[in-house]
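**Student:** how would this look folded up:
(2 chains)
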Amino acid sequence: GAVVSQHPSWVICKSGTSVKIECRSLDFQATTMFWYRQFPKQSLMLMATSNEGSKATYEQGVEKDKFLINHASLTLSTLTVTSAHPEDSSFYICSALKRTVYNEQFFGPGTRLTVL
Amino acid sequence: DQQVKQNSPSLSVQEGRISILNCDYTNSMFDYFLWYKKYPAEGPTFLISISSIKDKNEDGRFTVFLNKSAKHLSLHIVPSQPGDSAVYFCAASDGGSEKLVFGKGTKLTVNP
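**Tutor:** Sure, this is the predicted structure:
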């Protein structure tokens, strides 16, 4: 199997606070994980590529100082939304890359962030 | 600039009939295409994929067709079942990248 979990599944926070979201690959090791953001009725937008043991690679327009990514182990990547604002409210989804013939991405269940 | 486009935001079909979901792409470097199914408040789950060296891939009730000259692919579900009701995302990647580019999704409703 290839199971990816995310924690928390939903979080509500006040403006100005920071929120950490965890992404874990439960039954395989993932040197590469991806973080996506989805607005209602929109596509999944890739925010960054998380690489174990090295710095994340951010997509154009994504503030790396606002969305801190740490990939400290082969099974865990974290996304920290710093100084959150209401416009950061969104559905955040991670995926873990399982390197096979096809290099498949397996997705977590997502985290709903609401910033008040 | 949307490189992967799903122009139909929604589709409604009767149980037992065929569902056809369409996807167009603009990047000629894309060589691998995937369909994902997503329920509300859940992450996408992989459904079926196709490499650019093929024009058809079938897995049970699901078939994906690829027309490279038209830069178009479609997902056929037959027969459609109420449990197929979900949002379907088309995604693409090129051989040199592990990244996926997603379309906006099509919400499929299969009516009993």
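
**Student:** which parts of chain B sit against chain A?
**Tutor:** Contact residues (CB under 8 Å from any CB of the partner chain) of chain B with chain A: B:2, B:4, B:9, B:32, B:36, B:41-46, B:49, B:89, B:98-105. The C-beta positions use only the backbone N, C-alpha and C, and glycine is treated the same way.

**Student:** make a PyMOL selection of the buried ones in those.
**Tutor:** Entered in PyMOL, the line below selects the buried ones among the residues of chain B next to chain A, by 16 or more other CB atoms under 10 Å in any protein chain shown:
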select buried, chain B and resi 4+32+36+42+43+44+46+49+89+99+100+101+102+103+104+105
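
**Student:** after the lowest-mean-pLDDT helix or strand in chain A comes which helix or strand?
**Tutor:** The least trusted helix or strand in chain A, going by mean pLDDT, DSSP states H and E, turns out to be strand A:104-107, with a mean of 90. Note on strand A:104-107: by DSSP states H and E, the next helix or strand toward the C-terminus is strand A:111-115.

**Student:** quick one: low-confidence ranges for chain B?
**Tutor:** Within chain B, the segments meeting pLDDT under 70 span B:1.

**Student:** closest residue of it to chain A?
**Tutor:** Evaluated by CB to the nearest CB, chain B has B:Gly43 as its residue closest to chain A, separated by 3.4 Å.

**Student:** counting neighbours, what do you get for the residue nearest to that residue when sequence neighbours are not counted?
**Tutor:** Once flanking residues are discounted, B:Gly43 sits nearest to A:Phe107: 3.4 Å by CB to CB, 6 or more residues apart in numbering or on different chains. Close neighbours of A:Phe107, defined as other CB atoms under 10 Å in any protein chain shown, add up to 23.
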